[in-house]
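Participant: Here is the input, now give the coordinates:
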Amino acid sequence: MDLLRSLPLGLYLEKPITWLHKLDPRVKLIWLMSFLLSPVLGSSIWRLVLVAILITLTFIASIPLRVWQKQMGWLLMLCSLIFVMSATIAPDGVSINYQPRLPKDELTFAQQTSNLPPAQKEKTWKNIFGLLGKETSQPTASENPKPAKLPQPTSYSYIIFQQNPITITRRSVDLGIRIATLLFTVIYSTNLYLLTTASEEITAGIEDLMGLLNKFNLPITEISLTLTLSLRFIPLVLEEIQNLVRSVQTRAINWKKLGLRQASQVWLIVAERLLENLLLRADQIASAMKVRGFTTPDQHKVQWHDLKLKPLDWIVLVCLVLFWWVRLVWGGQG
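Facilitator: Numbering: from 1, shown residues only. Sure, this is the predicted structure:
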């Protein structure tokens, strides 16, 4: 069991170095926010286009198949399942207030109508004083012929498929597309960003973009340092969990004989040991920083990367402007 390989989400791909790795982290962060914000009030077609753009970027960047095969495969399967459930089982969300044709209390309504005086017939020039005889009575409902079914001008139908208990409407299909594509865009765009950007580049880009907030006396440097340490600490947590799970497996414990109570006690001991190891690792990192003379982030600032926009970055920024132009002109809701 290797958690670093079985859980590849959010891990940085060191080799091979693709053109996505060479982009400025600030440019990639702006693109990531664009992918996360553009689906808001966007049409279903635009959300499908975002999914196609992300898949195309994965192929163009020449990312190895072993890296994205499981990620994209499981994510596409999950999104497809959510689409099917939203389109077939879940309601479409359209609430219609039906107007009943008959009164709720028919008996009371019949008594009220029987006490009413008879309606007077309107006298016209055709039946003055009833000389011309009574008017012909109106035909009853049973005598009325059935209305002819008129041809429809278009082939539009709100209900696409109906077979109890499954009802697929245009609204439910649109709702399923929106939910599935939004889930895929949020998860996979973030994963693609973490896959091609080191943790130090992420924090350096965030610190540079948030530099204007220093005027409001906000601890931007401390926040970026905390983010760097937390991102670096994630592999250590996975490694400690992996070692503890392997240590339990090597002891060949018969869980059926232990029972629920004793098994829970064993896992509580494992969790306590995991917490102790993580606190020990954190203390070791703090001691290593003190030994190297680290005092405060402002006085002991480490310049991880020289952030400069290259020609490739400017080309990507121009594509970003075109991206938002298409979104505002064509990708909005109709």
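Participant: What's the local residue count around the residue nearest to L50 when sequence neighbours are not counted?
Facilitator: If the residues on either side of it in the chain are set aside, L50 comes closest to T185, at 5.1 Å by Cβ to Cβ, 6 or more residues apart in numbering. In short, each C-beta sits where N, CA and C put it, glycine included. Neighbour count for T185, taken as other Cβ atoms under 10 Å: 20.
Participant: Same question for the one 10 residues further on.
Facilitator: By other Cβ under 10 Å, the residues close to L195 number 23.
Participant: repeat for I63
Facilitator: Neighbour number of I63 under other Cβ under 10 Å is 19.
Participant: OK, contacts around the residue nearest to it when sequence neighbours are not counted?
Facilitator: What sits nearest to I63 in space, not counting adjacent residues and going by Cβ to Cβ, 6+ apart, is T18, at 6.3 Å. Residues near T18 by Cβ atoms under 8 Å, 6 or more residues apart in numbering: A61, S62, I63, T196.
Participant: what element comes up after the longest helix anywhere in the chain heading to the C-terminus?
Facilitator: Counting by DSSP state H, the longest helix found in the chain is helix 255-291. The element immediately downstream of helix 255-291 (helix or strand, assigned by DSSP states H and E) is helix 311-329.
Participant: Okay, and the residue nearest to I63 sits in which element?
Facilitator: With DSSP H and E as the test, T18 turns up in no helix or strand.
Participant: Tell me, what's the model's pLDDT at it?
Facilitator: The score at T18 is 88. That number is its pLDDT.
Participant: let's number from 472 now, not from 1
Facilitator: That works, and once the first residue is 472, the last one we named lands at T489.
Participant: next one: phi and psi at it?
Facilitator: With angles defined as degrees, to the nearest 10, T489 sits at phi -100, psi 180.
Participant: Repeat that for the one 4 residues further on.
Facilitator: K493 has phi and psi values of phi -80, psi -10 when expressed as degrees, to the nearest 10.
Participant: what sits against it?
Facilitator: K781, L783.
Participant: State the distance from E710 to L745.
Facilitator: 11 Å (Cβ to Cβ, to the nearest Å).
Participant: My guess is the residue nearest to L521 contacts I526. True?
Facilitator: No. Using Cβ atoms under 8 Å, T656 is not in contact with I526; the gap is 10.9 Å.
Participant: The residue lying closest to L646 once chain neighbours are set aside: neighbouring residues, count only.
Facilitator: Counting by Cβ to Cβ, 6+ apart, L646 lies nearest to S557, which is 5.5 Å off, once chain neighbours are set aside. Per other Cβ under 10 Å, the neighbour tally for S557 reads 21.
Participant: what do you get for P636?
Facilitator: Neighbourhood size, P636 [other Cβ under 10 Å]: 6.
Participant: The one 10 residues further on now?
Facilitator: Counted by other Cβ under 10 Å, the residues lying close to L646 total 20.
Participant: And the pLDDT for L549?
Facilitator: For L549, pLDDT reads 90.
Participant: other SSEs contacting the one helix or strand it maps to?
Facilitator: Using DSSP H and E, L549 falls within helix 536-555. Helix 536-555 sits against helix 515-531, helix 641-666, with contacts defined as 3 or more Cβ pairs under 8 Å, 6 or more residues apart in numbering; DSSP states H and E.
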